[in-house]
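*Asks:* build me a model:
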Amino acid sequence: MLVSTNLKTPIGVLSLIAEENIVIAAGFYGIDNLVSRLGSEDVGQQIKKSSKIHIISDLVSDYFEGDINSLNGIKVRQPGAKFSQEVWKVLRKIPAGKTLSYAELAKRAGSEAAIRAAGTACGNNLIAPIVPCHRIVKSGGAIGNYGYGVKIKEWLLRHEGAL
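*Replies:* Prediction:
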């Protein structure tokens, strides 16, 4: 069984879906949006609504209250191709307060030429901001796009001290 919750944050409501202590989806567009994007192994599972998810809710709250490294303590799982999985692993290794370019992300994920694929993996990331795709910027330093809007990306980067 999956558990879902909605947490109020300074930048809107963050919805979370977890299986036991592993987050499988997170984002700012609501539970229904996340459910529509779940992988085949999770589609159709019963989802119990809860006021919070043990440990995970506290770590997310800690992040928004200033402990910018607390998200590192959250386990995650999401379906995706091998290269996407590598991209998401690299994203989790970027320290809060730092950014990487899409080109550097592709290189660290194992394919220097796969810059667009790295960007696609960021766009397909189902666990934002815990898998911190907001820490990826354009090579020239421009902030770039973000699935939840540039204002939220800027807020997250400022909160972490990257801007």
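*Asks:* tell me how this protein divides into domains.
*Replies:* When the chain is parsed with automatic domain parsing, its domains come out as 2-75, 80-159.
*Asks:* out of those, deepest packed?
*Replies:* Neighbour counts (mean count of other C-beta atoms under 10 Å) averaged over each of those peak at domain 80-159, with a mean of 18. From N, CA and C alone the C-beta is placed, and that goes for glycine too.
*Asks:* helix or strand right after the longest helix along the chain?
*Replies:* In terms of residue count, the longest helix belonging to the chain (DSSP state H) is helix 82-93. As assigned by DSSP states H and E, the chain's next helix or strand after helix 82-93 is strand 100-101.
*Asks:* which residues in the chain form helices?
*Replies:* 31-36, 56-64, 82-93, 102-108, 115-124, 150-159.
*Asks:* which one of these lies closest to residue 17?
*Replies:* Proximity to residue 17 (C-beta to C-beta) singles out helix 31-36 among those, at 5.5 Å.
*Asks:* before we move on, the earlier item: including mean pLDDT, could the domains of the chain go into a markdown table?
*Replies:* Converted to a markdown table, the domains of the chain look like this (pLDDT from 0 to 100):
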| stretch | mean pLDDT |
| --- | --- |
| domain 2-75 | 97 |
| domain 80-159 | 96 |
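*Asks:* restricting to C-alpha, output the longest helix of the chain in CSV.
*Replies:* Extracted as CSV, the C-alpha positions of helix 82-93 are listed here (Å, rounded to 0.1, in the frame of the first residue of the first chain):
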residue,chain,number,x,y,z
LYS,A,82,19.5,3.2,-17.3
PHE,A,83,20.8,6.6,-18.3
SER,A,84,18.0,8.4,-16.5
GLN,A,85,18.8,6.3,-13.4
GLU,A,86,22.4,7.5,-13.6
VAL,A,87,21.3,11.1,-14.0
TRP,A,88,19.1,10.9,-10.9
LYS,A,89,22.0,9.3,-8.9
VAL,A,90,24.2,12.2,-10.0
LEU,A,91,21.5,14.8,-9.0
ARG,A,92,21.4,13.3,-5.5
LYS,A,93,25.1,13.8,-5.2
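*Asks:* between it and helix 115-124, how big is the angle?
*Replies:* 70 degrees (axes from the mean of the first three to the mean of the last three C-alpha atoms, to 10 degrees).
*Asks:* going forward, the N-terminal residue is numbered 4.
*Replies:* Done: numbering now begins at 4, and the last item shifts to helix 85-96.
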